[in-house]
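> The following block contains a protein sequence and its predicted model.
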Amino acid sequence: MAISVETKLKQERLLRIIEEELQDLPSLPAVVAKVMQTINDPTTSATDLNRLISTDQALAGKILRLVNSSYYGFPRKITTITHAIVILGFSTVRNLATSLGVVSGFDPGNMITALDREQFWAHSVAVASAASLVARRKNASAKVLEEVFIGGLLHDIGKLFLDQYFPQQYTIAIKLAKAANISIWEAEKTALGVGHVLIGKRVAEKWNLPPSLSAMIALHHQTAYAKEYMEIVSIVHAADYLARKVKLGNAGDTLVPAVAPEVQRWLNFSPEVWETLESDTLSKFEGATDFLKIMIGK
Ligand SMILES: [Fe+2]
Ligand SMILES: [Fe+2]
């Protein structure tokens, strides 16, 4: 009993420190925060967005490299942000800026972290790719396609926070997941008292990420609670399964948990469709290799 009280106290102390670190988390680059605000402002024009992004040449350059990557596969080079907006649409460019902002917000620099960042982002890009495929299979709207791509990219950002600010405990979580053959989510809760979905939600709130994105971050392991975000949360959940099934990347564990029954029911895919989605995820990911490299600055 004494041990469990001690463990509880330790965990409570840790949770308080996590709370403090969350408060101190640096804000996103100002330009990215402004770009995100345009989500709620229907009067923003392509020219406005171009002007905004162009104030940060490094960001603008990275966005242009992403839109020229083989993931999008445009035959002609896109040389300006305005051109990118015309070709890819307002929300794609805005989402790319947001994603790059989040990547830079969790740049570990020279710090050695427990989570292999390259493998982590490979998992994320694989989930984003799979999410687009699942959405297309469900004949989802263009809006949903946009949302699940960024949702796939950023669904596990809570892990980055825990890994960066609590490297010792996160090392334990990763080792525990492996040794006990449990999910990293379960292992986080044992090692830190809190899992990446809850932390991810807090980070999303702190950075004012859109509510749909916050829902995918917070609920991709608890799809039954997704309510009005059921469609996008279910797609990201299924995409997470697909990325794991075809062994792309590693975001802390390599388990392949079953797809939640409510998601299975809603998707209603035959075994053949699942198989096709697996092979399509592999080929889509292959086409996204340079996208991944640009994202993580390699
Ligand atoms: Fe997750
Ligand atoms: Fe994941």
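That came in fine, so what should we check first? Ligands and ions are numbered 1, 2, ... in the order given.

> And residue 255, what's its pLDDT?
According to the prediction, residue 255 has pLDDT 94.

> oh, I was asking about residue 1
Reported pLDDT for residue 1: 41.

> what do you get for the one 10 residues further on?
At residue 11, the predicted lDDT confidence score is 80.

> Can you give me the distance of it to ligand 2?
24 Å (Cβ to the ion, to the nearest Å). (C-beta placed from N, C-alpha, C; glycine too.)

> Give me the secondary structure label for that residue.
Secondary structure state of residue 11, per DSSP: H, G, I helix; E, B strand; the rest coil, is helix.

> which ones are touching the residue of the stretch 51-200 of the chain found nearest ligand 2?
Among the residues of the stretch 51-200 of the chain, residue 156 lies nearest to ligand 2; the distance is 4.4 Å by Cβ to the ion. For residue 156, the contact set (Cβ atoms under 8 Å, 6 or more residues apart in numbering) comprises 120, 123-124, 196, 200, 217, 251.

> now, which of those lie close to ligand 2?
Subset of the contacts of residue 156 in contact with ligand 2: residue 251, counting by Cβ under 5 Å from the ion.

> Highest neighbour count among the contacts of residue 156?
residue 196 (30 neighbours; other Cβ atoms under 10 Å).

> any idea of the pLDDT on that residue?
Looking at residue 196, its pLDDT is 97.

> residue contacts, it?
Contacts of residue 196 (Cβ under 8 Å, 6+ apart): 156-159, 161-162, 184-185, 188.

> which bits of the stretch 151-298 of the chain sit near ligand 2?
Residues of the stretch 151-298 of the chain lying near ligand 2 by Cβ under 5 Å from the ion: 156, 240, 251.

> nearest spatial neighbour of the second one, skipping sequence neighbours?
I take that to be residue 240. In this structure, residue 240 finds its nearest non-sequential neighbour in residue 127, 5.3 Å apart by Cβ to Cβ, 6 or more residues apart in numbering.

> Do you have the helices of the stretch 51-200 of the chain handy? List them.
57-67, 81-88, 90-105, 117-137, 142-154, 157-165, 167-180, 184-192, 196-206 (DSSP state H, counting those that start in this stretch).
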